[in-house]
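Participant: everything below, folded, please.
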Amino acid sequence: DTLFSQFKVYQKYILALLIVGGTFGYYYYPILKNPKYLYQTEDILDYKEVSGAITALQEQGIASPSVEQIAANANLHAWKDGKKIGTLFEEEKRTRVAELLPYLTDNNYIVLIYKPLYSNVIYLNVLCLVFVFVFFGYQYKNDPPQGAYIEKILFLFLPYCSLEIVHYFGYIKSVELSTYLQLYDIGVYLTMVVLLGLLLFFSLRLRFITSVTGNFYERELVSDPEHTSRWRDSIDSLIVRHFLNPTTFHGRLLAPRPTKGEA
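Facilitator: Residues are numbered from 1 along each chain as shown. Now for the predicted structure:
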């Protein structure tokens with residue numbers, strides 16, 4: 001909406017749907033195409049090979065087989081783009097077996113199943129951060145006036161997306177299900193703090209735009225943004241009052257903004 005302000009409303013919606021739908025489809029198409037995709041990833045197929053090798057060795061009377069014994073009996077492959085391209089060497093097989101062994105304890109395999117899904121969440125949140133930084137970069141360079149509380153709402157998406165990246169990265173690195181559940185519990189509380197902040201600013205914006213003054217300002221912002229000054233909301237006033245010199249700032253609703261010819 002900020003970058004393509006000259007576009008018509010329906011064009012903005014089409015562009016937004018293309019960006020969101022395109023990225024979502026790119027990352028989640030394999031799951032949409034095959035509902036059992038998470039059970040057919042490289043990690044899970046290797047996990048099944050290791051598990052099968054352990055079971056076979058135990059049937060032979062080896063109750064606690066070593067990594068070397070498991071590697072010798074497991075048929076582990078090298079992968080590229082989800083396809084088998086060859087068989088691992090013995091040293092690589094032992095390394096791979098050592099990586100997968102912790103997931104064979106209790107229900108730790110659940111973390112391994114959801115690993116591709118969590119990776120996609122990280123990629124999408126990184127993309128969201130890029131768009132938020134593009135927004136603030138555009139704001140810094142061109143300084144177009146925004147609706148009340150819009151910048152605060154966008155700013156809160158920075159910690160929200162950053163927390164999502166940290167949380168899901170922690171989930172991926174969790175080998176034990178108990179560790180994953182602990183990280184999940186902590187992450188929920190941290191994310192809720194940010195979501196409550198978003199709820200607060202959305203509520204303040206809703207109250208503003210439903211008021212007579214706010215309704216008038218938002219209409220002026222759409223019809224004549226070149227001659228409409230930035231709205232100083234309650235958060236701005238709080239910052240000015242406590243951290244800046246209030247006498248140098250005037251509480252204005254509308255003020256002339258120089259056009260390109262006048263600047």
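
Participant: count of neighbours near Leu221?
Facilitator: Leu221: 19 surrounding residues under other CB atoms under 10 Å. From N, CA and C alone the C-beta is placed, and that goes for glycine too.

Participant: which ones are touching Leu158?
Facilitator: Residues near Leu158 by CB atoms under 8 Å, 6 or more residues apart in numbering: 129, 132.

Participant: apply 6 Å and report the result again.
Facilitator: Residues in contact with Leu158 (CB atoms under 6 Å, 6 or more residues apart in numbering) are Val132.

Participant: show me where this structure has its helices.
Facilitator: Counting by DSSP state H, the chain has helices at residues 9-33, 42-59, 67-73, 90-100, 109-142, 150-173, 177-209, 212-223, 234-243.

Participant: and the first one, how far out from the chain's middle?
Facilitator: Chain-centre distance of helix 9-33: 15 Å, with CA atoms, centre = their mean, to the nearest Å.

Participant: what of the second one?
Facilitator: On the basis of CA atoms, centre = their mean, helix 42-59 is displaced by 33 Å from the centre of the chain it belongs to.

Participant: can you mark which positions in that helix are buried?
Facilitator: 42-44, 46-47, 49-51, 53-54, 57 (16 or more other CB atoms under 10 Å).

Participant: distance of the closest residue to Ile110 other than its chain neighbours relative to Tyr47?
Facilitator: Nearest non-adjacent residue to Ile110, counting by CB to CB, 6 or more residues apart in numbering: Leu177, 5.7 Å away. Going from Leu177 to Tyr47 by CB to CB, to the nearest Å gives 14 Å.

Participant: with Glu220 instead?
Facilitator: Distance from Glu220 to Tyr47, by CB to CB: 61 Å.

Participant: ok, Leu127 - how many residues close by?
Facilitator: Residues within reach of Leu127, counting by other CB under 10 Å, total 15.

Participant: check Lys93 too.
Facilitator: When neighbours are defined as other CB under 10 Å, Lys93 has 24 of them.

Participant: what distance do you get for it to Pro65?
Facilitator: Separation of Lys93 from Pro65 (CB to CB): 14 Å.

Participant: try Phe131
Facilitator: 50 Å.

Participant: higher neighbour count, those two?
Facilitator: Neighbours were counted for Phe131 and for Pro65 using other CB under 10 Å; Pro65 has more, 19 against 13.
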